[in-house]
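# Can you look at this prediction? I've put the sequence above it.
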Amino acid sequence: MTLKNARVGDTVKVLKVEGTGPIRRRIMDLGITKGVEIYIRKVAPLGDPFELTVRGYELSLRKEDAKMVLIEKLSSKKEEVTNNVN
Amino acid sequence: MSIKIALVGNPNSGKTTLFNALTGSNQYVGNWPGVTVEKKEGRIKWNKEVILTDLPGVYSLSPYTPEEIVARNYLVEEHPSAIINIVDGTNLERNLYLTTQLLDFGIPMVIAVNFMDIVAKRGVKLNLKKVSEELGCKVIEISALKNKGIKEVALEAIEVSAKKPSMKRDIFSPRVESVLGKIERLISHGYIEENELRWMSVKLFERDEEICAHIDLNEKTRDEIEAVIKGLENELDDDSIGIIISERYDYVTKIVEKRMPGKDKMSISDKIDRIVTNRWLAIPIFALIMFAVYFLAIGSVGALSTEFMNEKLFGEWIVPGATSLLEGWGVADWLVGLIADGVIGGVGAVLGFVPQMLILFLLLSLLEDCGYMSRIAFIMDRLFRRFGLSGKSFIPMLIASGCGVPGIMASRTIEQQNDRKITIMTTGFIPCSAKMPIVSFVAGSIFGGGWRGALVATSAYFIGIAAVICSGIILKKFKAFKGHPSPFVMELPEYHVPAAKNVFKSTWDRGWSFVKRAGTVILLASVLIWVGQNVTIEDTSEKQTVVLDADGEIATDDEGRPLVEKQKHVHVIENEDGTITVEEIDHKGIRFIQDECNCKSILQMLGEGISVVFKPLGFGESWETSVATILGLVAKEEVVGALGTMSSGGIETAGDEFLDGSYLKGFSFMIFNLLCAPCFAAIGAIKNEMNNRKWTIATISYMTGFAYAMSLIVYQIGKLFRWGSFSVWTVIAFVLLAVFLYLLFKPAKFSLINIVKKIFTKKEKSADKISA
């Protein structure tokens, strides 16, 4: 499963960041590394990008780039999801 | 001896604020990540021996963005005596990640933790003592904005600069450290200085392109290094870059003891974000905010102040005042004209926009400083990516609606080179406040205001935006811009109440750069225009006169042609010995135009020469419009200014006089002037940001070409439908339209070569089938 498939309200754990080059490097430099927990806060009004909480700060990441991040889902907050939809 | 201290930190960590507080120099501070790009230097206010260098804000020292390269090259090449590493306390982990990279340089370092008041407010407890012990350098809490703890930081940095720190070699796991040690030993036989070994070995381990290309190693060493890296990569199932980054973060997580408050409360920032970036409300809120900004800056307060500046301050007081004053002093008439009408009038026309622009810049700075600008990029990214740009391209364009110069400069925050280039190339299409007079001239004077005028004025914005969008789509398809869209990984900073200091500084800096431009380029240009209007070139070298016979008739020669006598202007020189020498004068005379005369001014000659080019666009029949367009290069507001001066009845009659009051001609004139090459100041900004002559020329040519094509299409096709007139130009217009639509709609991967390839592969396949 990749970060792209994650849903708003999910808390996920990063297993690996795939790919090479500047985009991967930048994603990792900003703290998305193996083992870190990410909370998916919301999606921009037009459906992309994501707003994530990583290491205590807010980061926006395009879904296209989120494909590079392999994750496992830890939990999902239902309440958060409905709040965002409303 | 002077001490060199480098200021390093993440974007938005308050680095520039600290720099200003220490050096007292004026600098721009914003809330958009990555504002400082150049390195800036200053001496500490109370100790002039210390030179402080403000390095660009970076998250890491990778070799990919210009900011990062600038920062690391400085640290490697300039050997600063100490580093002040400013760290955002609300974001300790990501900030200390950079710190672990800085430690590799073996330069004495002080860590200044900023925003501790916010950390305290949130109820988070940080154990900075442990951080200090682990990293082996002093950690000082500061508040850059409130001037707290900053002197302490500087004093500490000066103190440690004399010491030699011990190189820290236990950041990574023992396994990685042993490999790094091996690489160090392998390269230590070379010329590399001892204190560079650690940094070099880490970079070699990462296979850093920049370092690998510059380091001089023999084949054998390179192979050996590659072998140890490969070994570890297989062992840890990750590539070397991934290993290094992960382990740095692991180390930081280990040393940061964070105690969060009992319940994870939603901060105010979160609550704001909930509404502002809400799925349904985000775009209406954004539209509302933008409407409010423009209503204040351009519609109401701005328009009133501009009117006051132009009509009252300059129109009624300064210009007539200066005229009577100069006349009172008995200054020559032409000089009065030059100073009062040329210089004061010209510069005044530009300065009239200052209040309007200050209001716009003030509002935009407020949005920037409170953190909303990043949200705009977040909201708009999806939309802009469709056009081959990124959400970050939106900020330059917003600012460009005030003035293109700071707008183009704001493109620096875009990381990806291609996106940055396209943003620079298209930002000039956005109607800036200086283009507003052109719009209101066409809307008012030609379309007669009312609903027609309003429609035309609105269309001006849409034309600008459409030009940006279409250009984005078209340019992205060209080879020069091929490549991935920029990685849109962007930090969304916390909302905070804008700091008055930052907002005013930013507004002032942007406004001042505009005023400076009025004082220099436009001043010079105003003088040139005035001279151009008031000076004529008279051909005095040769005049032909007909010869009259005794009856007063024109004399003819044997073949019946009029007898023409060549008159020559000569100098008659009486020599000392009594003889006379006649010297022919063969030059063109320059003289001032006095009163009414049938002579042409230099400006008119220029305009007539150029107007041929504009004929197909519908506004080449009168030379005045050509002159006005050329003058637009100096400053866009000059277009209308010049038309007003050249028209017999001021700007009100200019439309009828020069454009026959034709809607179509007026509209074509407006399109061309909105989209063509920007003013010199903006061209200068483009040159600065492109940092490349070829790209600058490409940008100017693209803009002018695009403007020409669009005007031609609108005018010629409009003419065909309106009057049914058809010419070669109509055909050209249709061809251009077809090319434009083709470029716009052709699929990105669609090219002739691909089609040919496809046909061939199909044939091969069918051939395979047959043979099978």
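Everything's here; your move. Please read these numbers as outputs of a predicted model, since none were measured by experiment.
# burial count for residue 24?
Because you didn't say which chain, this covers chain A. The local packing of residue A:24 (other C-beta atoms under 10 Å in any protein chain shown) involves 21 other residues. Just so you know, the C-beta spots here come from the backbone N, C-alpha and C atoms, and that holds for glycine as well.
# that's the wrong chain, I wanted chain B
Neighbour tally, residue B:24, other C-beta under 10 Å: 12.
# how about it, what does it touch?
Contacts for residue B:24 (C-beta atoms under 8 Å, 6 or more residues apart in numbering or on different chains) come out as B:42, B:45.
# And residue B:196, by the same measure?
Neighbours of residue B:196 in contact, by C-beta under 8 Å, 6+ apart: B:76, B:106.
# I'd like to know which residues of chain A are adjacent to chain B.
A:16-17, A:20, A:22-31, A:33-36, A:42-49, A:51, A:55-62, A:64-65, A:84-85 (C-beta under 8 Å from any C-beta of the partner chain).
# Among these, which are located in helices?
Counted as lying in helices by DSSP state H, out of these, are A:22, A:23, A:24, A:25, A:26, A:27, A:28, A:29, A:64, A:65, A:84, A:85.
# Mind checking which of those are buried?
Neighbour counting by 16 or more other C-beta atoms under 10 Å in any protein chain shown classes A:22, A:23, A:24, A:25, A:26, A:27, A:28, A:29, A:64, A:65, A:84 among these as buried.
# could I get those as TSV with distance to residue B:50 and pLDDT?
Listed next are these as TSV, based on distance: C-beta to C-beta, whole Å; pLDDT from 0 to 100:
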residue	distance to residue B:50	pLDDT
A:22	36	83
A:23	39	83
A:24	39	89
A:25	34	89
A:26	34	88
A:27	37	90
A:28	35	93
A:29	31	93
A:64	46	86
A:65	42	87
A:84	51	45
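# In the helix or strand encompassing residue B:743, which residues are buried?
For residue B:743, the host element (DSSP states H and E) is helix B:728-745. Within helix B:728-745, the residues scored as buried using 16+ other C-beta under 10 Å are B:729, B:730, B:733, B:736, B:737, B:740.
# pretty sure the fifth one is touching residue B:713, no?
Yes - counting by C-beta atoms under 8 Å, residue B:737 sits close enough to residue B:713 to count as a contact (5.0 Å).
# List the buried residues of the helix or strand hosting residue A:13.
Following DSSP H and E, one finds residue A:13 within strand A:10-17. Within strand A:10-17, the residues that count as buried by 16+ other C-beta under 10 Å are A:10, A:11, A:12, A:14, A:16, A:17.
# quick one: low-confidence parts of chain A?
Applying pLDDT under 70 to chain A flags residues A:78-86.
# From residue B:98, how far off is residue B:114?
When distance is defined by C-beta to C-beta, to the nearest Å, residue B:114 is 14 Å away from residue B:98.
# try residue B:580
Per C-beta to C-beta, residue B:580 is found 88 Å from residue B:98.
# More neighbours: the two, which one.
residue B:98 (24 against 8).
# Kindly provide the distance from that one to chain A.
From residue B:98 across to chain A, the span is 9 Å (C-beta to the nearest C-beta, to the nearest Å).
# Report the secondary structure element holding that residue.
Per DSSP H and E, residue B:98 falls inside helix B:92-103.
# CA atoms only: put the helix or strand that that helix is followed by into CSV for me.
For helix B:92-103, the following helix or strand on the C-terminal side (DSSP H and E) is strand B:109-114. This file holds the C-alpha atoms of strand B:109-114, laid out as CSV (Å, rounded to 0.1, in the frame of the first residue of the first chain):
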residue,chain,number,x,y,z
MET,B,109,28.6,25.9,16.2
VAL,B,110,26.0,27.5,18.4
ILE,B,111,22.4,26.4,18.2
ALA,B,112,19.8,29.2,18.7
VAL,B,113,16.3,27.8,19.3
ASN,B,114,13.7,30.2,18.2
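# mean confidence for the following helix or strand past strand B:109-114?
Per DSSP H and E, the first helix or strand lying C-terminal to strand B:109-114 is helix B:116-121. Helix B:116-121 shows a mean pLDDT of 85.
# what about dumping the CA coordinates of helix B:116-121 to CSV?
The C-alpha coordinates for helix B:116-121 follow below in CSV (Å, rounded to 0.1, in the frame of the first residue of the first chain):
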residue,chain,number,x,y,z
MET,B,116,10.3,29.0,22.4
ASP,B,117,7.4,31.2,23.5
ILE,B,118,5.1,29.3,21.1
VAL,B,119,6.4,26.0,22.3
ALA,B,120,5.7,27.0,25.9
LYS,B,121,2.2,28.2,25.0
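# So is that helix next to chain A?
No - residues of helix B:116-121 are not located near chain A by C-beta under 8 Å from any C-beta, the shortest gap being 10.5 Å.
# what's the answer for stretch B:176-190, then?
No - no part of stretch B:176-190 sits near chain A under the criterion C-beta under 8 Å from any C-beta; the closest distance found is 13.8 Å.
# quick check: mean pLDDT across that stretch?
What stretch B:176-190 shows for mean pLDDT is 89.
# what does stretch B:389-396 give?
84.
# same thing with stretch B:60-74?
82.
# Any residues of the stretch 251-400 of chain B in contact with chain A? List them.
By C-beta under 8 Å from any C-beta, the residues of the stretch 251-400 of chain B that approach chain A are B:258, B:273, B:277-280, B:282-283, B:378-379, B:381-383, B:385, B:391.
# Would you mind listing which of these are buried?
Here, 16+ other C-beta under 10 Å leaves B:273, B:277, B:278, B:279, B:282, B:378, B:379, B:381, B:382, B:383, B:385, B:391 buried among those.
# Give the helix, strand or coil label for the third one.
Judged by DSSP: H, G, I helix; E, B strand; the rest coil, the three-state class of residue B:278 is coil.
# In this structure it contacts residue A:45, no?
Yes - using C-beta under 8 Å as the test, residue B:278 is close enough to residue A:45 to be in contact (7.4 Å).
# any idea how far residue A:23 lies from residue B:692?
Taken as C-beta to C-beta, the span from residue A:23 to residue B:692 is 24 Å.
# Ok, residue B:292 next?
Look at residue B:292 and residue B:692: by C-beta to C-beta, they are 38 Å apart.
# likewise residue B:21?
From residue B:21 to residue B:692 the distance is 36 Å (C-beta to C-beta).
# between the helix or strand containing residue B:695 and helix B:728-745, how big is the angle?
Here residue B:695 is covered by helix B:693-723, with elements defined by DSSP H and E. Angle, helix B:693-723 to helix B:728-745, by axes from the mean of the first three to the mean of the last three C-alpha atoms, to 10 degrees: 120 degrees.
# All set, thanks.
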